[in-house]
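Asker: Predicted model and sequence follow; I will ask about them next.
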Amino acid sequence: MSNTRVSRRQFLNYTLMGVGGFMASGMLMPMIRFAVDPVLEAGLAGDYIPTSQKVSELTEEPVRVDFTYDQVDGWYESEVTGTAWVYKEGDKVVALSPVCKHLGCTVNWAGDSAHPNQFFCPCHAGRYEKNGQNVPGTPPTGPLDQFEVKVEDDLLYLGATKPNELI
Amino acid sequence: MNWTANDLDLYMQQQEYIDTALIPLVHIGSGGGMKQSASSAEFLMNLSAFIERQFKGRIVLFPPFSYTDGNDRSRLASEWAASISDMPFKHVFYLTTDPAWSRDGIIGDAIWIPSIPLESMDKKLKQSVLEDQVRQIIPVLTARWTTE
């Protein structure tokens, strides 16, 4: 114990300052936190959807990758399953949308035994090259869309679709 | 295509390509058969939605047509056939889990698939079961598209 004596006045001063400061900081802290919040926000990952596909297991042969996400449509909430055709080109991962550019059917890789290295649409026999280029003379009018792709911890993340950039 | 205004707009423009109607026939059971029929309906609706996604540009999926034991199946079938024939569809596929339609020859070409209870399955299993079923149905559809 120190020998300095604390007077009644000093004691009250300290106590009031302490309590007052505590209360003031209780009010100020959230305000400051809100003010600087936009700066602290980590770069949002966009709307990347995780898949269970390991990137190291991909080859040059397109494989089907399924992913699920929630969709709210009016009051109808549902879990939607999406699909992508994913393959490696060199070190780059390419993910193509399976939605046919003709009328929106789902295309399959090597779906037609006569054309084993093309995407095939079973509805009206539309065909696409491996890079998504539509084969002239078949109904589709444009190339398949591409997904934004992100790799994290060897797992594949798929983002929004964008027009095909491989062609 | 689904039976929605937007999809039907597209259908109107693309009638030469979208030439098939898919009509799910859903049995509504009563009494002790209620749960069983609900399970079948769930399976059938999941399956037809899957087929719609696969063949969006060729098939119009109709709202499910439901009937009870009190309905006269053959009367329903002939009324449906008459109405559908006024529509510009080249192919009409009926999809059902009720064996009575094709067994009794009411709709001879109704596609019958045995119902699989999906309610106890997790998502992954459900999806692979449905995929297997669709894979069995696809040859039936494509065979009719090429022969008719």
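Answerer: It's in.
Asker: pull the CA atoms of the lengthiest strand in chain A into CSV?
Answerer: With secondary structure taken from DSSP state E, chain A has its longest strand at strand A:76-89. This file holds the C-alpha atoms of strand A:76-89, laid out as CSV (Å, rounded to 0.1, in the frame of the first residue of the first chain):
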residue,chain,number,x,y,z
TYR,A,76,-41.6,-20.1,-53.2
GLU,A,77,-38.2,-20.9,-51.7
SER,A,78,-36.3,-23.7,-53.3
GLU,A,79,-32.9,-25.3,-53.4
VAL,A,80,-31.7,-25.3,-57.0
THR,A,81,-29.1,-27.6,-58.4
GLY,A,82,-26.9,-26.2,-61.0
THR,A,83,-24.4,-28.0,-63.3
ALA,A,84,-21.2,-27.0,-65.0
TRP,A,85,-18.9,-28.8,-67.4
VAL,A,86,-15.4,-28.3,-66.1
TYR,A,87,-12.0,-29.2,-67.6
LYS,A,88,-8.4,-28.0,-67.5
GLU,A,89,-6.7,-26.3,-70.3
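Asker: from chain A, which residue is nearest to chain B?
Answerer: Closest contact between chain A and chain B, by CB to the nearest CB, is at A:Leu103 (2.6 Å). No exception for glycine: its C-beta is placed from N, CA and C like everyone else's.
Asker: Setting aside sequence neighbours, what's the nearest residue to that residue?
Answerer: B:Gly57 (2.6 Å; CB to CB, 6 or more residues apart in numbering or on different chains).
Asker: Now that neighbour. Its backbone dihedrals?
Answerer: Dihedral angles of B:Gly57 (phi, psi; degrees, to the nearest 10) stand at phi -90, psi 10.
Asker: same check, this time on B:Ser83
Answerer: phi -70, psi -40.
Asker: Enumerate every residue touching the residue of chain A closest to chain B.
Answerer: The contact partners of A:Leu103, taken as CB atoms under 8 Å, 6 or more residues apart in numbering or on different chains, are A:Cys123, A:His124, B:Leu10, B:Gln14, B:Tyr17, B:Ile18, B:Lys56, B:Gly57, B:Arg58.
Asker: Okay, now stretch B:110-128: how far is its last residue from its first?
Answerer: 24 Å (CA to CA, to the nearest Å).
Asker: Report the buried residues of it.
Answerer: The neighbour-count check on stretch B:110-128 (16 or more other CB atoms under 10 Å in any protein chain shown) flags B:Ala110, B:Ile111, B:Trp112, B:Ile113, B:Ser115, B:Ile116, B:Leu118, B:Lys126, B:Gln127 as buried.
Asker: Which strands and helices lie in contact with the helix or strand of chain B with the lowest mean pLDDT?
Answerer: Ranked by mean pLDDT, DSSP states H and E, the weakest helix or strand in chain B is helix B:100-103, scoring a mean of 84. Where contact means 3 or more CB pairs under 8 Å, 6 or more residues apart in numbering or on different chains; DSSP states H and E, helix B:100-103 is packed against helix B:73-85, strand B:111-112.
Asker: ok and the very next helix or strand once past the longest one relative to helix B:73-85, angle-wise?
Answerer: Counting by DSSP states H and E, the next helix or strand C-terminal to helix B:73-85 is strand B:91-96. For strand B:91-96 and helix B:73-85, the angle between their directions (axes from the mean of the first three to the mean of the last three CA atoms, to 10 degrees) works out to 150 degrees.
Asker: Please name the spatially closest residue to the spatially most central residue of chain A (chain neighbours excluded).
Answerer: Centroid check for chain A by CA atoms, centre = their mean gives A:Tyr48 as the closest residue, at 0.1 Å. Among residues not flanking A:Tyr48 along the chain, A:Tyr157 sits closest, at 4.1 Å (CB to CB, 6+ apart).
Asker: Give me the pLDDT value at residue 49.
Answerer: Here I'm looking at chain A. Listed pLDDT for A:Ile49 reads 87.
Asker: hm, I was asking about chain B
Answerer: 91.
Asker: how would you label B:Gly32: helix, strand or coil?
Answerer: helix (DSSP: H, G, I helix; E, B strand; the rest coil).
Asker: Neighbours of it, how many?
Answerer: The number of residues packed near B:Gly32 is 7, by other CB atoms under 10 Å in any protein chain shown.
Asker: circling back to that earlier point, could you look up the SS state of the residue of chain A closest to chain B?
Answerer: Classified using three-state DSSP, A:Leu103 is coil.
Asker: List the contacts of residue 117.
Answerer: If you meant another chain, say so; for now it's chain A. With CB under 8 Å, 6+ apart, A:Asn117 has these contacts: A:Ala110, A:Lys130.
Asker: my bad, chain B
Answerer: So B:Pro117 contacts B:Ser39, B:Phe43 (CB under 8 Å, 6+ apart).
Asker: do that again at 10 Å, thanks
Answerer: B:Pro117 makes contacts with B:Lys35, B:Gln36, B:Ser39, B:Ser40, B:Glu42, B:Phe43, B:Val129, as judged by CB atoms under 10 Å, 6 or more residues apart in numbering or on different chains.
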